[in-house]
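Participant: no sequence on this one, just coordinates:
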Ligand SMILES: Cc1cc2nc3c(=O)[nH]c(=O)nc-3n(C[C@H](O)[C@H](O)[C@H](O)COP(=O)(O)O)c2cc1C
């Protein structure tokens, strides 16, 4: 569990927010997070075009020239390192062959590579990626992506960023079980359709089946109380919207309660 050790006892992760969590955003939270996540970043022209469409309807996305990818990554990771946290990067692509050389670039600069199996924006879903990768009919694509990344021997942990309740938990576990050798961590948004609190039962089941993986629990965490609740079933927790709202004081307080191994003082 090298990743957990390297988090230095900090249990809160900055979750990815497209168009928002760039290097500067990550870097401004010094000594607060165990991991900061850049992205979601597009690694091929199909996802970049999808992002351009998403921007046209008013959502934020990261848009850049794919030919300048290496310079951009170097710059953004350098800025993110001001956080003193591990730097993860959340990635999307449709064409692995096109994405491959950019994953090779990421492996040189980032600490964790996180495959986005989470996005539900229509333009991404139409490509059969994002949360679609969790569906049984797209299992082969997920497997090929993960196997392809694995074969690059990137020597960095691979996380999957996933959304609960896209498929029933049994199907989710069954699918991930078949590819478990290709990844190290599950970053699980415990999305609970129609409810504004996380689906804890879903993560409980996932924890039970993936005891050897690093689990990052996510969804609606905005206080020490609900962080502790999620940490019963996860190694780390992550936050997105509460950071956007500037609600981070509780994270400093939470860190003060933990020693450098993440145990309660
Ligand atoms: C504006 C915004 C952009 C997001 N972009 C991404 C993304 O690019 N990739 C991803 O995996 N998740 C993305 N997410 C999902 C978050 O990482 C997180 O899973 C979700 O917001 C639930 O966590 P929260 O309740 O702490 O906000 C985004 C969320 C928001 C609010």
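Facilitator: Nice, I can see it. Keep in mind that this is a model prediction, so the values were computed, not measured.
Participant: By proximity to the ligand, which residue of the stretch 1-150 of the chain wins?
Facilitator: Proximity of the stretch 1-150 of the chain to the ligand (C-beta to the nearest ligand atom) peaks at residue 40, 2.9 Å away. C-beta here means a position set from N, CA and C on the backbone, and glycine is covered the same way.
Participant: so who does that residue touch?
Facilitator: Contact analysis of residue 40 by C-beta atoms under 8 Å, 6 or more residues apart in numbering lists 16, 18, 62, 90, 91, 92, 116, 119.
Participant: again with residue 255
Facilitator: By C-beta under 8 Å, 6+ apart, the contact list for residue 255 reads 9, 10, 12, 31, 32.
Participant: switch to 7 Å and redo it
Facilitator: residue 10 (C-beta atoms under 7 Å, 6 or more residues apart in numbering).
Participant: What of residue 257?
Facilitator: 264, 265.
Participant: how close does it get to residue 172?
Facilitator: Plainly put, residue 257 is 32 Å away from residue 172 if you go by C-beta to C-beta, to the nearest Å.
Participant: Check whether the residue nearest in space to the middle of the chain sits in a helix, strand or coil.
Facilitator: Among the residues of the chain, residue 161 comes closest to the average C-alpha position under C-alpha atoms, centre = their mean, at 4.4 Å. What DSSP: H, G, I helix; E, B strand; the rest coil gives for residue 161 is strand.
Participant: Nearest to residue 200, out of the contacts of residue 40: which one, please.
Facilitator: Nearest to residue 200 among the contacts of residue 40: residue 16, at 22.2 Å, using C-beta to C-beta.
Participant: Can you verify my assumption that the closest one contacts residue 39?
Facilitator: Yes - if you go by C-beta atoms under 7 Å, residue 16 and residue 39 touch, sitting 4.8 Å apart.
Participant: residues shared between the contacts of these two?
Facilitator: Residues touching both residue 16 and residue 39 by C-beta under 7 Å, 6+ apart: residue 90.
Participant: what bridges to the residue nearest to residue 183 when sequence neighbours are not counted?
Facilitator: Distances taken as C-beta to C-beta, 6 or more residues apart in numbering put residue 158 closest to residue 183, at 4.6 Å, once the chain neighbours are dropped. In this entry, residue 158 is beta-bridged to residue 113, by DSSP bridges.
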